[in-house]
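Asker: Return atomic coordinates for the entry below.
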Amino acid sequence: MVVIKTKIMYHYSAYIKEVYDGDTVKAIVDLGFARYEEITLQLYGVNASQFEEDAFLRRTEAKEVLRDLILNQEVEVYTFKGSQSKFGAYQATVIMDGLDVNQWMVQNKVARQYSA
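Answerer: Coordinates of the predicted model:
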């Protein structure tokens, strides 16, 4: 018998209240049982600051694109147990109307895929 270890995934509904930059947002997360909490989320696998050329302009563009895409929107959030970034934000995959926002940001070259 083969035992496969997987991370425990959590799924929440959330409202995007603020966009800090091209890969970090503040969300009001529905924790269930009529409990809501403002939580900082970092888009998992996405980095909007790893640009060498025109770094400031690219980061500003990434923030504006993300803001236009998800600010004041209801989204789904997927996180993993123990997935906080070094800055305390929870690393999350954000889904809006079936669109994986994390993948979209990378595929459309608005941000780069995160590399440690």
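Asker: Please name the residues that touch the most centrally placed residue in the chain.
Answerer: Nearest to the geometric centre of the chain sits residue 43, at 2.4 Å (CA atoms, centre = their mean). Listed by CB atoms under 8 Å, 6 or more residues apart in numbering, the contact partners of residue 43 are 23, 24, 25, 91, 92, 93, 94, 101, 102, 105, 111. All C-beta spots, glycine's among them, are computed from the backbone N, C-alpha and C.
Asker: What's the separation between it and residue 102?
Answerer: Relative to residue 102, residue 43 is positioned 5 Å away (CB to CB, to the nearest Å).
Asker: for residue 69, same thing?
Answerer: Residue 69 sits 11 Å away from residue 102, taking CB to CB as the criterion.
Asker: of those two, who's got more company?
Answerer: Counting neighbours by other CB atoms under 10 Å for residue 69 and for residue 102 shows that residue 102 has the greater number, 23 against 18.
Asker: a strand runs through the more buried one, doesn't it?
Answerer: No. Following the definition DSSP: H, G, I helix; E, B strand; the rest coil, residue 102 is helix and is not counted among the residues of a strand.
Asker: Can we start the residue count at 21 from this point?
Answerer: Sure, I'll start numbering at 21, so the last one becomes residue 122.
Asker: Just confirm it contacts residue 65, I think it does.
Answerer: Yes. Judged on CB atoms under 8 Å, residue 122 makes contact with residue 65 at a distance of 5.7 Å.
Asker: joint contacts of these two?
Answerer: With contacts taken as CB under 8 Å, 6+ apart, the residues that reach both residue 122 and residue 65 are residue 113.
Asker: List phi and psi for residue 87.
Answerer: The phi/psi pair for residue 87 (degrees, to the nearest 10) reads phi -60, psi -50.
Asker: Kindly apply the preceding question to residue 42 instead.
Answerer: Backbone dihedrals for residue 42, given as degrees, to the nearest 10, come out at phi -70, psi 0.
Asker: Report how many residues lie close to it.
Answerer: Quick note: residue 42 (other CB under 10 Å) scores 26 neighbours.
Asker: ok, and for stretch 119-130, which residues are buried?
Answerer: Taking 16 or more other CB atoms under 10 Å as the basis for neighbour counts, the residues of stretch 119-130 that come out buried are 120, 121, 122, 124, 125, 126, 130.
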